[in-house]
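Participant: Can you look at this prediction? I've put the sequence above it.
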Amino acid sequence: FNGKSKEQKEKETYDRKVVRQAAAELKRRARVKKWKVFGAIVIGIWMSSNFLNHVLMALFQSMPHLFPLSNYDLNHIAMSVADTEKQMKYDSIMGLAPALSDDALKTKLQEIGHHMEHHEIHHSMQAAANSITDLIMGTVMGLGIVANKKAVWGFLGGFGSTFMSLSNTMQAFTLLLVSDIVVGYHSSDGWHTLLHMYQHKYGIHGAWFGSFADLFIATVPVLMDVAFKFWVFRELRRLAPSTQVILSEIDRH
């Protein structure tokens, strides 16, 4: 009698089940460990960036002569003071505020002007600190990525594995959501907001920035959209054909 008994078959089935469960648990622990390391790195970068930014601001505040007001700043302050003067005179004429003598009005406008000058100088300091901080942290991150390419590719590969483990419907939903946010019909509003945030952060002035933003939004999202569609056509149909079919059906509607 060479056949296996029922007890032996059940034991082998149980052993295989235990091995599969152990392997799944090891993969889960590895993913959790990677996310913990990634979270620690992100927190460390954020804390280092804030610390460096505060150090630079303290240094710049001790050297205000390095941050003279630009012509753009002076014109902005002059227009704001002129608008304030018109508003104060209007309020006085309409009885909304007590009338001020010429000397009192001049003193009040000077106070407002000095306050705005201080604000613009502080903003210039903050913009310079932001630029230097991001340059240093970007360089450090770039060197770290180059020095740990294997670990970085492994972490990115974990994203791909996690994505491929989703159901076809969830894969299609995720791809559609991300693509619509980044390159969808209303994505230009988000790109404009992002660019203006960086404009304020780095203290970028000038009418040229508006033209640059328009050109950027007219080209970069389009290139990203083309690249995404090419990836769906060439790679996704091979990796997850059902997901590619779902996306194609959505595009038809």
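Facilitator: Good, I have the coordinates.

Participant: Could you use CA atoms for every contact and neighbour count after this?
Facilitator: OK.

Participant: which stretches of the stretch 1-150 of the chain have low pLDDT?
Facilitator: Residues of the stretch 1-150 of the chain that meet the criterion pLDDT under 70 lie in 1-4.

Participant: Now do the helices in this structure.
Facilitator: 6-61, 71-93, 102-147, 149-164, 168-183, 187-201, 208-231, 237-239, 241-252 (DSSP state H).

Participant: Packing partners of the last one?
Facilitator: Applying 3 or more Cα pairs under 8 Å, 6 or more residues apart in numbering; DSSP states H and E, one finds that helix 241-252 makes contact with helix 168-183, helix 237-239.

Participant: mean confidence score for the first one?
Facilitator: Spelled out, that is helix 168-183. Averaging pLDDT along helix 168-183 yields 86.

Participant: Flag every buried residue along it.
Facilitator: Neighbour counts using 16 or more other Cα atoms under 10 Å place Asn168, Gln171, Ala172, Leu176, Ser179, Val182, Val183 of helix 168-183 among the buried residues.

Participant: show me what contacts the fifth one?
Facilitator: Applying Cα atoms under 8 Å, 6 or more residues apart in numbering, one finds that Ser179 lies in contact with Asp225, Phe228.

Participant: ok, it to Val222 distance?
Facilitator: For Ser179, the distance to Val222 equals 11 Å [Cα to Cα, to the nearest Å].

Participant: What's the local residue count around the closest residue to Asp91 other than its chain neighbours?
Facilitator: Nearest-residue entry for Asp91: Ala97, 5.3 Å, with adjacent residues in sequence omitted and distances by Cα to Cα, 6 or more residues apart in numbering. Neighbourhood size, Ala97 [other Cα atoms under 10 Å]: 12.

Participant: For Val81, see how far away Ala97 is.
Facilitator: Distance, Ala97 to Val81, using Cα to Cα: 18 Å.

Participant: Which one of the helices and strands packed on helix 241-252 lies nearest to Lys201?
Facilitator: Lys201 lies closest, by Cα to Cα, to one member of the helices and strands packed on helix 241-252: helix 168-183, at 21.5 Å.
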